[in-house]
Structures are given as C-alpha cells and as structure tokens.
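K.L.:
this is a predicted model, with the sequence first.
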Amino acid sequence: QVQLVESGGGVVQAGGSLRLSCTASGGTISTYIMGWFRQSPGKEREFVARITRDGDSADYAAFVLGRFTISRDNAKSTVYLQMNNLKPEDTAVYYCASARAFQIGPMDSPQKYRNWGQGTQVTVSS
C-alpha cells in the first residue's frame, strides 16, 4: 500500500503563504485522484481541493478559491498545496489522500478517499 507523508506545515502570520507537500512511497500516485482535506479541533474533516490523475483539472472548496492551488508531479510521486493569503480560520491539520478514479459523484467526500497521510499542522496567527 502506498504510504503518504505530508510536510510543509508550520506557523505563519495572516496574509502569509505556505506550500504543503505530500510524498508517496511504496508505489505510484499516478493512477489516483489526489485530494487535500483539513480538520480543526471540534470540526469534521473538510474538503479543500482535489486534482485529477494527470493534473489537468482541479476542484476547490469555495473558501479557498483564488488563494490555494493544488498541483502534482507524478514523476516525483508528490502532490502540492500552495496556500497564499492565509487567514486565521485556515488553521487546521491538513491531510492528503488518494482516491480511485471513476467513482460516481463529486470527489469532495472523505469517504471516497481510502489512503491518508498523518497530517501536517498549519497555524495562522492574526
């Protein structure tokens, strides 16, 4: 089974930027849809962004539109989340996950992703 490891989290001031990485080992990610989710204390895990297998299309949650960009480098087995203009409400643990393609319905449900990383903490101070 492919192991996913996130990195790049940290503490940043509001308005700042971070770039998260998710690197896979033990296999390739090229056959999977890849997604980013986040979870804050007391809240359910929520969808942030997802990208198709070849990277030609992406979807975003409304609250990150225009601020976050998901990308992938299949040769490096790595998915990225570039986060700009960060806000305190973006504070959360960010997770990457993989999902099989050709599933019915939108890919914003955590239940459609079967392989998860351990998460990386992002803290945005005001």
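P.N.:
On my side now, so go ahead.
K.L.:
where's the residue nearest the centre of the chain, which helix or strand?
P.N.:
The centre of the chain sits closest to residue 36, judged by Cα atoms, centre = their mean, with a distance of 2.0 Å. Residue 36 is located in strand 32-39, with elements delineated by DSSP states H and E.
K.L.:
so what does that strand touch, helix or strand wise?
P.N.:
Judged by 3 or more Cβ pairs under 8 Å, 6 or more residues apart in numbering; DSSP states H and E, strand 32-39 is in contact with strand 18-25, strand 46-51, strand 68-73, strand 78-83, strand 92-100. Using the backbone N, CA and C atoms, a C-beta is placed for each residue, glycine as well.
K.L.:
for residue 107, which of those strands is the nearest?
P.N.:
In terms of Cβ to Cβ, the element of these nearest to residue 107 is strand 46-51, at 5.1 Å.
K.L.:
report the angle between the axes of that closest one and strand 68-73?
P.N.:
Comparing the axes of strand 46-51 and strand 68-73 via axes from the mean of the first three to the mean of the last three Cα atoms, to 10 degrees yields an angle of 40 degrees.
K.L.:
how about strand 46-51: buried residues?
P.N.:
For strand 46-51, burial by neighbour count (16 or more other Cβ atoms under 10 Å) applies to 47, 48, 49, 50, 51.
K.L.:
and which of those is nearest residue 124?
P.N.:
Taking Cβ to Cβ as the measure, residue 48 is the one of those closest to residue 124, at 14.1 Å.
K.L.:
which ones are touching the residue lying closest to residue 77 once chain neighbours are set aside?
P.N.:
Spatial nearest neighbour of residue 77, excluding adjacent residues (Cβ to Cβ, 6 or more residues apart in numbering): residue 24 at 4.2 Å. Under the criterion of Cβ atoms under 8 Å, 6 or more residues apart in numbering, the contact partners of residue 24 comprise 2, 3, 4, 5, 77, 78, 98.
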